[in-house]
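Chemist: For reference, the sequence and a predicted model appear below.
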Amino acid sequence: MNLPVAHSASSSEPIEQVQQPNWVQQCRMDSEHLNRLQVLTSDECWIVDFAIRWAPFGGSGPGELMVNHGVTRDRFIVLLQAALASKPQDLAMIRAHKRRLSAVLVEAWRPERREGGYRPLGRQHAGRRMPSAR
């Protein structure tokens, strides 16, 4: 099932369609790629990994956030966006990965997504498109 195209909050560039079953796996792969390139600090990696782990459920609850990060949900989103913000030394490809990963995770963590899980509006993956599921 193809999902509709969305636009990232940080740009007007469209985010391509993604296949529903693979979006969390793709987020993990993107995160691991950024980690291998050493463009995220260990703290940033921890924030991104936590966000990915809880994204299918619409984000974690306030207790889990307070125990793991000592912050509210809104503050966690700010920290996540800061972790994936482009830095002056980032190459264009890295900026694109960060922008896409941030857009998908912030969308997944929207409060209204907590009920019934999350289905992303869309996602592009550095030129890769997933085959159609039938």
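Modeler: Thanks, I have it. Residues are numbered from 1 along each chain as shown.
Chemist: Could you count how many residues lie near the residue nearest to Ala55 when sequence neighbours are not counted?
Modeler: Nearest residue to Ala55 in three dimensions, chain neighbours excluded: Ala108, at 3.8 Å (C-beta to C-beta, 6 or more residues apart in numbering). Using the backbone N, CA and C atoms, a C-beta is placed for each residue, glycine as well. By the other C-beta atoms under 10 Å criterion, the neighbourhood of Ala108 contains 24 residues.
Chemist: Let's see the pLDDT reported for Ala108.
Modeler: In the prediction, the pLDDT value recorded for Ala108 is 93.
Chemist: Look up how far Val71 lies from it.
Modeler: Using C-beta to C-beta, to the nearest Å, Ala108 is found at 18 Å from Val71.
Chemist: which ones are touching Thr41?
Modeler: Taking C-beta atoms under 8 Å, 6 or more residues apart in numbering, we find Thr41 in contact with no residue.
Chemist: Please repeat the previous calculation with a cut-off of 10 Å.
Modeler: Neighbour list for Thr41: 47, 83 [criterion: C-beta atoms under 10 Å, 6 or more residues apart in numbering].
Chemist: same deal with Lys98?
Modeler: Contacts here follow C-beta under 10 Å, 6+ apart; on that basis Lys98 touches 10, 30, 34, 39-40, 44, 48, 81, 83-87, 90.
Chemist: Single out whichever of those has the smallest pLDDT.
Modeler: Looking at pLDDT alone, the contacts of Lys98 dip lowest at Ser10, where the score is 43.
Chemist: Now do the same contact list for Pro111.
Modeler: Pro111 touches 58-59, 73-74, counting by C-beta under 10 Å, 6+ apart.
Chemist: And the contacts of Lys98, which is closest to Arg99?
Modeler: Checking the contacts of Lys98 against Arg99 with C-beta to C-beta, the nearest one is Ser10 at 5.7 Å.
Chemist: in the protein, which spans are strands?
Modeler: For the chain, the strands identified by DSSP state E occupy 6-7, 14-15, in order along the chain.
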